[in-house]
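>>> Based on what follows, work out the 3D shape:
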Amino acid sequence: MDVLPLVALVAGSAAIAGAARRTPVAAPLLLVTVGLGAAYVPGVPDYTLDPHIVLPLILPPLLYTAAVDSSYLDLRANIRPVALLSVGYVLFATLAVGGLAHLLVPDLPLTAALVLGAVVAPPDAVAATAIARKLGLPSRITTILQGESLVNDATAITAFKVALAAAVGEGATWAGGIAEFALASLGGVGIGLVLMVPLHWLRTHLTEPLLQNTLSLLIPFVAYALAEQAGASGVLAVVVVALYVGHHAWQVDFATRLQEAAVWKMVAFVLESAVFALIGLQLPFVLKGLGEYGVGESLAYAVGVFAAVVAARFIWVFPATFLPRALFPKIREREPDTDWTAPLIVGWAGMRGVVSLAIAFSIPLTLHDDRPFPGRNLILFLTFTTVIGTLVVQGLTLPPLIRLLKVPGRDRQAETLAEAQAQSEASAAAEQLLDELLADERNALPPPLAQRLRTVMERRRNAVWERLGTVNEVTGESADDTYRRLSGEMIAAERAVFVDLRDRRSIDDEMLRTLLRRLDLEEAAAYREEGTD
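Have a look, this model is predicted:
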């Protein structure tokens, strides 16, 4: 097996995603654009999306890391809009887009058109999260988009299976479709509920961080595989387990949390970068398969399907936002500030992604009676153009739309104040406990060590408040910034001495690693992680 193309894909996509962080363009958009151009560069290998790899091996970890970072409490508070989008909208889009495609494309059967509708129905989890974070959208809009993208793949995959069964001649019925949907959704949630407690218990009872993180990497694959084996939704099983694990992450020891966060951030970065580059690289393969459909004719159909996808989302989002508020006074009381700008942003933020392409590539070549699947190559092309269109057109215009609407972003000052108040309460509790512990003769400490405990605690309490205070008129730094900078310079000086001692053979490499790790932990404690993607 030639691994060089895979290495080139990962290295190239990671480099482009890293460069995107220095630009105002979100990484998914830049990766897709570069992928489109690279597809025709001489010497670039042919990369074809394999649904047998994307769905069971790439989708579970991406869903897991997105769900672990989501807030279970925020999702529960927004369960109505999330459910209306992740279930209701996907089914509506399947029927609306499929029906229009059937009318638009001559000789495309309704069953095959509904397959296309199910394929392009779900917005992408990674794209929605990346764009929302890049733009700093209000927390409620971000929560709704994240929640929708976590669940909608399950709805779309189930709708796809039902439509595909009808298209290939397996005698699918409405009753059978409803039963399959119920089995997939309830079974996926049920398997997730069964797995989440023992898996988390195992995480908390493993004493070695390496073992705990190995288990963490296996969890999404285990949940997905078991659910799919039972005929249920692996997507929902992964999301349920991940939400529980994320909500109870505080019960795992600090070493595991630090290591786990670093590992999953790297895994998510590599996978996200690679899948969006792969989307752009599919262009030659999709065009080659058009066959009897001309490029000009196919592009006309693509514009129609793209317009249907965009219109269907707005047709669903606005009534789903305002109709419940008009019918139920309690909803109006809970959401007094809802106006037309929020559904406009949610409607325009429906970017499609790699899941749609992976599902499309899983369409069989032939029907039940060995006849070619009607319009398969055109469905692949229309899926590709819809994904590209939503990512590029909507992704590039969403930031100026938000600026035009003057949507208020996250209130960083209020968030810092809330953080400072929370830290103050926690420090007060810790200080009271420290007084009680030091009063016990079994915990006697020399005064310098006891004072060090108090100093560290006081440092944590004051650090956040200092970010709200004045800055240094010369450097523009807060006291907290200056402290961290000076601490880093002091640690760098110590690190240089340790390396020099190793080079002069005064200490060996094993001792150097021990001393450097101690400094690394000190530096990590001094530096507060800034908000990153």
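>>> any weak-confidence spans in the stretch 101-250 of the chain?
125, 128-134, 170-174 (pLDDT under 70).
>>> Check the gap between the residue nearest to the spatial centre of the chain and residue 401 for me.
For the chain, the residue nearest the mean C-alpha position is residue 66 (3.6 Å; CA atoms, centre = their mean). Residue 66 sits 24 Å away from residue 401, going by CB to CB, to the nearest Å. Bear in mind the C-beta positions are built from the backbone N, C-alpha and C, glycine included.
>>> now swap in residue 69 and tell me
25 Å.
>>> again with residue 52
38 Å.
>>> Between these two, which is the more surrounded one?
Under the criterion of other CB atoms under 10 Å, the comparison of residue 52 against residue 401 puts residue 401 first, with 16 against 10.
>>> if you skip the residues just before and after it, what's nearest to that one?
residue 348 (6.1 Å; CB to CB, 6 or more residues apart in numbering).
>>> and the one you found, what does it touch?
Residue 348 makes contact with 394, 397-398, 401, according to CB atoms under 8 Å, 6 or more residues apart in numbering.
>>> could those residues be laid out in TSV, adding pLDDT and distance to residue 364?
Formatted as TSV, the contacts of residue 348 follow (pLDDT from 0 to 100; distance: CB to CB, whole Å):
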residue	pLDDT	distance to residue 364
394	89	31
397	89	36
398	86	36
401	88	40
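>>> Taking the residues you listed, please make a PyMOL selection of just the buried ones.
Buried residues among the contacts of residue 348 (16 or more other CB atoms under 10 Å), as a PyMOL selection:
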select buried, resi 394+398+401
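>>> Among the contacts of residue 348, name the ones in helices.
397-398, 401 (DSSP state H).
>>> How far off centre is stretch 266-276?
Chain-centre distance of stretch 266-276: 10 Å, with CA atoms, centre = their mean, to the nearest Å.
>>> For it, C-alpha coordinates in CSV please.
C-alpha atoms of stretch 266-276 as CSV (Å, rounded to 0.1, in the frame of the first residue of the first chain):
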residue,chain,number,x,y,z
MET,A,266,-4.9,17.1,17.3
VAL,A,267,-7.2,14.3,16.1
ALA,A,268,-10.0,16.8,15.3
PHE,A,269,-7.6,19.2,13.5
VAL,A,270,-6.1,16.5,11.3
LEU,A,271,-9.5,14.9,10.4
GLU,A,272,-11.3,18.1,9.8
SER,A,273,-8.5,19.4,7.6
ALA,A,274,-8.3,16.2,5.6
VAL,A,275,-12.0,15.8,4.9
PHE,A,276,-12.5,19.4,3.6
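>>> After the host helix or strand of residue 462, which helix or strand is next? Please name it.
In this structure, residue 462 sits in helix 447-468 according to DSSP states H and E. Sequence order places helix 479-503 as the next helix or strand after helix 447-468, per DSSP H and E.
>>> Next secondary structure element downstream of that next one?
Defined by DSSP H and E, the subsequent element after helix 479-503 is helix 509-526.
>>> How far off centre is that next one?
That offset, for helix 509-526, works out to 32 Å (CA atoms, centre = their mean).
>>> List of residues touching that helix?
258, 483-484, 487-488, 491, 494-495, 498-499, 501-502, 507.
>>> returning to that earlier point: thought residue 147 was touching the residue nearest to the centre of the chain, still the case?
No - checked against CB atoms under 8 Å, the pair residue 66 and residue 147 is beyond contact range at 10.1 Å.
>>> which residues of the stretch 401-533 of the chain score low on pLDDT?
409-412, 466-473, 476, 478, 526-533.
>>> and if we set it to 90?
Low-confidence segments of the stretch 401-533 of the chain, defined by pLDDT under 90: 401-489, 491-492, 507-514, 516-533.
>>> Once you drop chain neighbours, what's closest to residue 163?
Per CB to CB, 6+ apart, closest to residue 163 is residue 114, 4.1 Å.
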